[in-house]
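J.: sequence? don't have it. structure:
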RNA sequence: GUGGGCGUAGCUCAGCUGGUAGAGCGCCGCGUUGUGGUCGCGGAUGUCGCGGGUUCGAGUCCCGUCGCUCACCCCA
């Protein structure tokens, strides 16, 4: 057999049968709670003006500074493949004036995102997310709703072992003061060069260093959570209260830091313990200044991005299963005249809403029945000379072998009544 | 971007100290005339990731390269 001369680009995730069904189940399972909560779908481009991301996500972030796919298009414009979803949705909201109507604007989206990182299990250069954004309200109940939508998504897919980490990153009133405190604290520590550099760029990010000696050193570091202004503190307390009301379990994680600069106040992350190094299965938070930064009204928003790839890995790690929808009927035409009838029958049953496939090519009866078996169809139906002549059909229930008398006229009715 | 492991049929893998490839599963067919799953028999498919090198001879040794994987980093 000829070896394929092309390979997929490095680090991309592909989902093909039979795994692709699981991918769809996860995507739909994560988006369903958003739809039920009144979020409306937004389809936005996978590439944008590069400056949208440098402005929105933040130039100092790794995501922007070293992981973006950036290129010039034929008109000499600098374009980047989207590394995350929020700023594109915000841009579209501003551009199309969605925020001129009733607030909050509630949107959901799903699709591929791109980051040029070294691939690893659960970390791909093209990966998939389901996300939501709720724009234009600072109500802490909205924060809780956003978190609950993610939480119920994971739950609905059968996940039980994930953890929700939660904290508040403060706002423009209290964060700068806290930052100074932290910088002063870090200045007294014997940091290595790389860490000191990080500290200069974004001191908060030093806090979630995983190395044991670092967490020892940072044991007594000042925490944002203890230096929130009154408004932020009240807001956070209220978010927690709402989550308690909803019986959503969370862990306060005061050292959690996210990789995107726009987060303020409520910030959260879903972590799965069975996933190894890439354990984040989703995360998000509030972004106070983002919309104004991108040229819109000064409205706050909150949203999340949930990783479809990682959620799928997490479900597999928990030995979870998916419900699959099987074919209702597999038709086996005996000879070529019967194939015309078989295709007509298949077409009309499909129109009636049934899932129908049939055997193609010159397969013998035995081979075609084998295909019927492999297809997973609930029923099979042989169509040949005698069926065409008499109009008497016999529908076979594959799991039991039972033959059920049928006619062309009552076939769809029968199948609809008996489908499982 | 840094470091470790790996790369043999569609899949999972075996191939000792170098002598031009195997198993199981899967796939296709047959087991007498129009009904699958079990069983039996038969069959197809590999430039042993790719490119160089050493050697009379390399899947097996060396170098490079591509990809996967694990950790760091980062994060979904």
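T.: It's in. Not measured: the values here are computed from a predicted model.
J.: what's the distance between stretch A:405-420 and the middle of its chain?
T.: 38 Å (C-alpha atoms, centre = their mean, to the nearest Å).
J.: how long is that stretch end to end?
T.: Stretch A:405-420 has an end-to-end distance of 19 Å (criterion: C-alpha to C-alpha, to the nearest Å).
J.: Equivalent analysis for stretch A:130-146, please.
T.: 13 Å.
J.: How about residue A:381: which residues does it bridge to?
T.: residue A:331, residue A:395 (DSSP bridges).
J.: That one contacts residue A:398, correct?
T.: No - Residue A:381 sits out of contact with residue A:398 when judged by C-beta atoms under 8 Å, with a separation of 10.8 Å. Every residue, glycine included, has its C-beta placed from N, CA and C.
J.: Point me to the residue of chain A nearest RNA strand B.
T.: residue A:259 (1.5 Å; C-beta to the nearest atom of the strand).
J.: Could you check which of residue A:381 and residue A:398 is surrounded by more residues?
T.: The residue with more neighbours, out of residue A:381 and residue A:398, is residue A:381; 26 against 19, by other C-beta atoms under 10 Å.
J.: The more buried one and residue A:68, how far apart?
T.: Residue A:381 sits 54 Å away from residue A:68, going by C-beta to C-beta, to the nearest Å.
J.: what does residue A:307 give?
T.: Distance, residue A:307 to residue A:68, by C-beta to C-beta: 18 Å.
J.: More neighbours: those two, which one.
T.: Shown here are residue A:307 and residue A:68; by other C-beta under 10 Å, residue A:307 has more neighbours (26 against 21).
J.: That one contacts residue A:131, doesn't it?
T.: No - between residue A:307 and residue A:131 there is no contact under C-beta under 8 Å: 10.0 Å.
J.: The closest residue to residue A:39 other than its chain neighbours: how many residues sit nearby?
T.: With sequence-adjacent residues excluded and distances taken as C-beta to C-beta, 6 or more residues apart in numbering, residue A:39 is closest to residue A:108, at 4.1 Å. Using other C-beta under 10 Å as the criterion, residue A:108 is surrounded by 24 other residues.
J.: Okay, and residue A:108 sits in which element?
T.: Per DSSP states H and E: residue A:108 is located in strand A:105-114.
J.: contacting residues around that strand?
T.: A:27, A:30-31, A:34-35, A:37-44, A:46, A:68-69, A:81-85, A:89, A:93, A:98-99, A:125-136, A:305, A:308 (C-beta atoms under 8 Å, 6 or more residues apart in numbering).
J.: quick one, what contacts the closest residue to residue A:358 other than its chain neighbours?
T.: Spatial nearest neighbour of residue A:358, chain neighbours left out: residue A:331 (3.9 Å); criterion: C-beta to C-beta, 6+ apart. By C-beta under 8 Å, 6+ apart, the contact set of residue A:331 is A:342, A:345, A:346, A:356, A:357, A:358, A:359, A:380, A:381, A:383.
J.: just checking: which of the residues you listed also lie near RNA strand B?
T.: residue A:380 (C-beta under 7 Å from any atom of the strand).
J.: Any chance of a PyMOL selection covering the buried ones in the contacts of residue A:331?
T.: Here is the PyMOL command that picks out the buried ones among the contacts of residue A:331, judged by 16 or more other C-beta atoms under 10 Å:
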select buried, chain A and resi 342+345+346+356+357+358+359+380+381+383
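J.: List the ones among the contacts of residue A:331 that fall in helices.
T.: Within the contacts of residue A:331, residues falling in helices by DSSP state H are A:342, A:345, A:346.
J.: Just give me the neighbour total for the residue nearest to the first one when sequence neighbours are not counted.
T.: Okay, so that is residue A:342. Leaving aside its chain neighbours, residue A:342 sits nearest to residue A:333 (3.8 Å; criterion: C-beta to C-beta, 6+ apart). By other C-beta under 10 Å, 25 other residues sit near residue A:333.
J.: so residue A:333 makes contact with residue A:346?
T.: No - in this structure, residue A:333 is not within contact of residue A:346 by C-beta under 8 Å, at 9.7 Å.
J.: who touches both of the two?
T.: Joint contacts of residue A:333 and residue A:346 (C-beta under 8 Å, 6+ apart) are residue A:358.
J.: what about the nearest residue to residue A:15 once chain neighbours are set aside, which SS state?
T.: Spatial nearest neighbour of residue A:15, chain neighbours left out: residue A:23 (4.0 Å); criterion: C-beta to C-beta, 6+ apart. Assigned by DSSP: H, G, I helix; E, B strand; the rest coil, the conformation of residue A:23 is helix.
J.: same check, this time on residue A:129
T.: Strictly by three-state DSSP, residue A:129 counts as strand.
J.: Kindly report the same for residue A:362.
T.: From three-state DSSP, the assignment for residue A:362 is coil.
J.: how far away is it from residue A:344?
T.: For residue A:362, the distance to residue A:344 - C-beta to C-beta - is 20 Å.
J.: Between these two, which is the more surrounded one?
T.: Ranked by neighbour count (other C-beta under 10 Å), residue A:362 and residue A:344 place residue A:344 first, with 12 against 9.
J.: how near is the more buried one to residue A:20?
T.: From residue A:344 to residue A:20 the distance is 29 Å (C-beta to C-beta).
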